[in-house]
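Asker: Below is the structure, and that's it, no one-letter string:
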């Protein structure tokens, strides 16, 4: 299994540091995803699994993982953009993806 590599923001040049995403807004948006999208996003974006490894864990083809990941990210962006209090979060998530 692959684990995520964590980089502290002070290790990055200033232009690469993303604005802080409000944790509660992002967490709520991810939790509202349908299970198949939530699981895919969790494995790849949170745990750092490759699409190949995530496909093996979930038991679907790699193309399905890529498709679900794209849809999950789109849905998170849309949910964050629809909440006035989460405007900066939507902008940050858009830059991340």
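Answerer: Nice, thanks for sending it over. Small disclaimer: the values here were computed from a predicted structure and weren't measured. Residues are numbered from 1 along each chain as shown.

Asker: C-alpha only now, for contacts and for neighbours.
Answerer: OK.

Asker: those helices in this structure, which residues are they?
Answerer: 23-31, 35-41, 51-58, 62-82, 87-96 (DSSP state H).

Asker: tell me what the shortest one is packed against?
Answerer: By that I understand helix 35-41. helix 62-82 (3 or more C-alpha pairs under 8 Å, 6 or more residues apart in numbering; DSSP states H and E).

Asker: Just the buried positions in the helix it packs on, please.
Answerer: Within helix 62-82, the residues scored as buried using 16 or more other C-alpha atoms under 10 Å are 62, 65-66, 68-69, 72-73, 75-77, 79-81.

Asker: Tabulate those residues (a markdown table), appending pLDDT and distance to residue 43.
Answerer: Shown next, in a markdown table, are these (pLDDT from 0 to 100; distance: C-alpha to C-alpha, whole Å):
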| residue | pLDDT | distance to residue 43 |
| --- | --- | --- |
| 62 | 97 | 13 |
| 65 | 98 | 10 |
| 66 | 97 | 12 |
| 68 | 97 | 12 |
| 69 | 97 | 10 |
| 72 | 96 | 12 |
| 73 | 95 | 13 |
| 75 | 95 | 17 |
| 76 | 93 | 15 |
| 77 | 93 | 18 |
| 79 | 91 | 20 |
| 80 | 89 | 21 |
| 81 | 89 | 24 |
